[in-house]
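In: below: sequence and its predicted model.
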Amino acid sequence: MCRTGNVDTELPPAAAACLIKSNSRLLAIKTHSEDAWNLPNLKLQKKTSAQCTAHSAVWKTTGLNVEVGKLLFTDQNQMKYFECTLSDEYSSQLQTFPVPAWASRRTAKIALIDPFETHQDQWAKDINLINLRKAYTQLR
């Protein structure tokens, strides 16, 4: 079951990602296959709304439970980027994020970073850092 905030309409299935702000930083991941920052994301899930795909992406890559909020933007590959918030007090207080055993096959590292202290070449090739920074400034 996915958690969505005050969302009037679920969007049709689409690839989706979450932007999560915690302790004035952006939650980012690195995978074993790419030594670049990325956001929790999943490809299109045919029978799942874009919001629920974003929710699943966070759970599968970090083990964290989030509430999916508003759509921030859609990139050139039709990936939907949502504002997501950590849904429990414990998670929102974490400074370090261990990779859960079930996520360790894909996820190598979970960290809180400042996107304004990074460069485009430090991000996965599909991430547009200018759009990411703009969306980050809209997060609560």
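Out: Perfect, I can see it now. Residues are numbered from 1 along each chain as shown.

In: quick one, strands of this structure?
Out: Remark: strands assigned in the chain by DSSP state E are 16-22, 25-31, 41-42, 66-74, 80-86, 107-113.

In: what would the ones you listed look like in a markdown table with mean neighbour count?
Out: For the C-beta atoms, the positions are set from N, CA and C on the backbone; glycine is no exception. Converted to a markdown table, the strands of the chain look like this (neighbours: other CB atoms under 10 Å):
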| stretch | mean neighbour count |
| --- | --- |
| strand 16-22 | 25 |
| strand 25-31 | 21 |
| strand 41-42 | 22 |
| strand 66-74 | 20 |
| strand 80-86 | 24 |
| strand 107-113 | 16 |
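
In: okay, which residue is most central for the protein?
Out: Residue closest to the mean C-alpha point of the chain, counted by CA atoms, centre = their mean, is residue 18 at 2.7 Å.

In: circling back to that earlier point, reformat the strands of the chain as TSV; add mean pLDDT.
Out: As requested, these are arranged in TSV below (pLDDT from 0 to 100):
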stretch	mean pLDDT
strand 16-22	96
strand 25-31	95
strand 41-42	94
strand 66-74	95
strand 80-86	95
strand 107-113	94
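
In: quick check: which helices or strands does the longest helix that the chain contains pack against?
Out: Longest helix in the chain by number of residues (criterion: DSSP state H): helix 50-62. Other elements packing on helix 50-62 under the criterion 3 or more CB pairs under 8 Å, 6 or more residues apart in numbering; DSSP states H and E are strand 16-22, strand 25-31, strand 41-42, strand 66-74, strand 80-86, strand 107-113.
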